[in-house]
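# When you get a sec, could you give me coordinates for this:
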Amino acid sequence: MNSFTTSTTSPMARAFVHLHSHPPLSLRSRQPPSGVCLRPPSPSRRTPRLVCMAEPYLIRKMESVEKTWKELSVKLADPDVVSNPSEYQKLAQSMSELDEVVSVFRRFKDCEKQLQESKVLAKEAGDDEDMAEMIGSEINSLSKEIDELEKQLKMLLLPTNPLDARNILLEVRAGTGGDEAAIWTGDLVRMYQRYSERSSWKFSLVSCSEAEHGGYKTCVMEIKGNRVYSKLKYESGVHRVQRVPQTETQGRVHTSTATVAIMPEADEVEVVIDPKDIELTTARSGGAGGQNVNKVETAIDLVHKPSGIRIFCTEERTQLRNKARAFQLLRAKLYEIKLREQQEKIRDQRKSQVGTGARSEKIRTYNYKDSRVTDHRLKMNFALTSFLEGGLEDAVQACAALEQKELMEELSESVAAS
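Sure, this is the predicted structure:
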């Protein structure tokens, strides 16, 4: 067994070698039966070749990442790069982004090697029950660690969305269903306000068009906080409600819809707006707010001629602030359109589209009779009351898990095709 002493790295392997290279006295003094020749271990025996348990595409991708990391480390040692601060910083940043991936991958390979060695030693243990139990325990421990490391590697390889950290503008618009659709729009607005409060986010109304019988024809909110877009991006689409409306006198169940659009806030440099494309007029806001909003033209009516987008902003008390709000919303809308076009070219994902408001385009159904919320993308149900009170987190996490699964499948396909 001494042939393993220089090739094994597993602690259990070293323990096995130490024990069996110094057997008890009773074993050392025992002579072999007559006519039996004990052959010493072959000095040429080597640790078997490492067989990786992970999916092949993952190993190929990780080997490519490790190769890139090594190339970057070589470049960083180049005197020409060292003398160029901007180039050095760029390469150092690229390398630091790969540090965790490479570190986890190397730990993964080390565990794989130890596992293979432990399996070999398990065969060598023979009838030694104590040693077999110790080796079996290590094999189980290594297998679990390898599974966790593989999951971690998969997550590290997923592309990150640079928009996830951004604040958003959330627009809810009444769809099919007349007055009930407007009331339902108001219910959704309150639901997102409750969820924002639970998430310690700040929200404020940007532009709202109230309906005659309650609710909103359209309502736009600004939501600020930690990684708002990363969670609310899954809310884009048609939300269908099935219930007896407040306006229904005969107790019949109606089906109505509202569309939700999630727009990450856009910087001015990302969306260029030509002043010639803007048609802007002012008007009196009216309503609560004192004499200023009733007598002075503080409201802004903005039309973007190329896209046909119209924004009527009255929430602020001054014309200047309403104008700034209107342009903020216009930039977000144009940016959302731009992102949607890019996403549709890359992959045809239904959740990236807002839709027309038709009942058949629903992403979620809120059924009051059964007190149930059904997410049709997830094929999962949630309790209606807690959901409307802002309890969206379970659905958000499920959507994130589904997206990660889809991204992983795409990654596997792209690596296999390369």
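
# all strands for the stretch 101-250 of the chain, in order.
Using DSSP state E, counting those that start in this stretch, the strands of the stretch 101-250 of the chain run over residues 168-174, 202-210, 216-224, 237-243.

# Output these in CSV, with distance to Leu384 appended to each entry.
Just so you know, the C-beta spots here come from the backbone N, C-alpha and C atoms, and that holds for glycine as well. Output for the strands of the stretch 101-250 of the chain, formatted as CSV (distance: least, CB to CB, whole Å):
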stretch, distance to Leu384
strand 168-174, 18
strand 202-210, 22
strand 216-224, 21
strand 237-243, 10
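
# which stretch in the ones you listed has the least confidence?
Lowest mean pLDDT within the strands of the stretch 101-250 of the chain: strand 202-210, a mean of 90.

# How about that strand, which residues are buried there?
Phe203, Val206, Ser207, Cys208 (16 or more other CB atoms under 10 Å).

# Looking at the protein, which helix is longest?
helix 85-124 (DSSP state H).

# pLDDT of that one, averaged?
Averaged over helix 85-124, pLDDT sits at 89.

# Kindly report the same for stretch 250-268.
On average, the pLDDT along stretch 250-268 is 85.

# Am I right that Ile300 sits in a helix?
No. In this structure, Ile300 is strand, not part of a helix, as judged by DSSP: H, G, I helix; E, B strand; the rest coil.

# which ones are touching it?
Each residue near Ile300 by CB atoms under 8 Å, 6 or more residues apart in numbering is listed here: Leu280, Thr281, Thr282, Ile311, Phe312, Cys313, Thr314, Gln319, Asn322, Lys323, Arg325, Ala326.

# what's across from it in the sheet?
When assigned by DSSP bridges, Ile300 has beta-bridge partners Thr282, Cys313.

# how far away is it from Ile168?
Plainly put, Ile300 is 21 Å away from Ile168 if you go by CB to CB, to the nearest Å.

# and the two most separated of the contacts of Ile300?
Across those, the longest distance by CB to CB is 15.5 Å; it joins Thr281 and Arg325.

# quick check: angle from the longest strand along the chain to strand 168-174?
The strand spanning the most residues in the chain, taking DSSP state E as the definition, is strand 254-264. Following axes from the mean of the first three to the mean of the last three CA atoms, to 10 degrees, one obtains 160 degrees for the angle between strand 254-264 and strand 168-174.

# Could I have the CA atoms of strand 254-264 written out in CSV?
C-alpha atoms of strand 254-264 as CSV (Å, rounded to 0.1, in the frame of the first residue of the first chain):
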residue,chain,number,x,y,z
HIS,A,254,-67.2,38.8,-14.6
THR,A,255,-63.7,38.4,-16.2
SER,A,256,-61.6,41.5,-16.5
THR,A,257,-58.0,42.3,-17.2
ALA,A,258,-55.3,44.9,-16.6
THR,A,259,-51.8,45.0,-18.1
VAL,A,260,-48.7,45.6,-16.2
ALA,A,261,-45.5,47.1,-17.7
ILE,A,262,-42.2,47.2,-15.7
MET,A,263,-39.8,49.8,-17.1
PRO,A,264,-36.2,50.1,-15.7
